[in-house]
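J.: Here you go, sequence then predicted model.
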Amino acid sequence: MNSRRIKIFIIVSIIVIAFDQITKWIIKSTMELHQTIRVIGDFFTISYILNSGIAFGLFAHNPSPYKAVLLIIISIVALGIILYIFFSLPKTVKASVLAMGLIFGGAVGNMIDRIARGSVVDFLDFDFPDIAIKFLGIHMRRWPTFNVADSCVLVGIVLLLIIIISLGGKTEQERA
């Protein structure tokens with residue numbers, strides 16, 4: 001494995017973790033829990049909440065005393081999988097380092113919150129158009145509140161999907 005790739009991966013991950021933790025610290029230091037500040041009317045607000053669930057607040061209302069421990073274990077397993085994928089990706093695909101660094105850094109950022117307080121600080125709150133999937137019984141009026149780590153994970157996954165789709169079935173020799 002190329003040491004330059006590893007350095008870039010580590011640097012991207014550290015930048016994501018630092019930015020995520022700094023923004024969460026600013027929110028915790030300057031706002032009351034459940035306080036909302038309107039930035040662009042109702043479309044974009046900063047709303048300080050604690051999410052004891054996983055992405056998009058799933059399982060947040062599950063009262064199990066084992067939930068936090070289970071989510072930390074799942075996070076550790078996910079980090080292992082992320083590292084495995086990173087080291088398995090072709091070295092010639094340069095953007096994969098950025099994608100995996102974003103995903104890893106975001107996952108660590110949220111895991112720090114889970115370990116420190118049993119929940120994740122979320123604060124970015126957007127009102128995108130309603131989403132309704134009737135046959136699944138899903139109706140979402142407002143996008144779930146999220147944070148910098150969540151954003152980085154999502155951007156990293158989208159970037160990784162673009163890489164995978166653009167490479168298609170090409171071999172490593174064809175990419176070089």
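T.: Looks like it came in fine.

J.: only C-alpha atoms for contact and neighbour calcs from this point on.
T.: Noted.

J.: Tell me where this structure has helices.
T.: Here the chain has its helices, by DSSP state H, at 3-30, 67-88, 95-117, 148-167, 172-175.

J.: Quickly, which of the ones you listed bottoms out on average pLDDT?
T.: Among the helices of the chain, helix 172-175 carries the lowest mean pLDDT, at a mean of 55.

J.: okay, which residue is most central for this protein?
T.: Asp150 (2.6 Å; Cα atoms, centre = their mean).

J.: Show me how far stretch 117-125 is from its chain's centre.
T.: Offset of stretch 117-125 from its chain centre (Cα atoms, centre = their mean, to the nearest Å): 12 Å.

J.: Buried residues in that stretch, which are they?
T.: Under the neighbour-count criterion of 16 or more other Cα atoms under 10 Å, stretch 117-125 has Gly118, Ser119, Val120, Val121, Asp122, Phe123, Leu124, Asp125 buried.

J.: Now distance to Asn51 and pLDDT too, for these, in TSV please.
T.: Shown next, in TSV, are these (distance: Cα to Cα, whole Å; pLDDT from 0 to 100):
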residue	distance to Asn51	pLDDT
Gly118	9	85
Ser119	5	89
Val120	5	94
Val121	6	96
Asp122	7	95
Phe123	10	96
Leu124	12	95
Asp125	13	94
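
J.: Widest-spaced pair of those?
T.: The largest separation in the buried residues of stretch 117-125, counting by Cα to Cα, is between Gly118 and Asp125 at 21.1 Å.

J.: if we can go back for a sec, can you redo the helices of the chain as JSON lines with distance to His139?
T.: Shown next, in JSON lines, are these (distance: least, Cα to Cα, whole Å):
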{"stretch": "helix 3-30", "distance to His139": "29"}
{"stretch": "helix 67-88", "distance to His139": "25"}
{"stretch": "helix 95-117", "distance to His139": "26"}
{"stretch": "helix 148-167", "distance to His139": "21"}
{"stretch": "helix 172-175", "distance to His139": "43"}
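
J.: Of those helices, flag the one that's most buried.
T.: helix 95-117 (a mean of 23; mean count of other Cα atoms under 10 Å).
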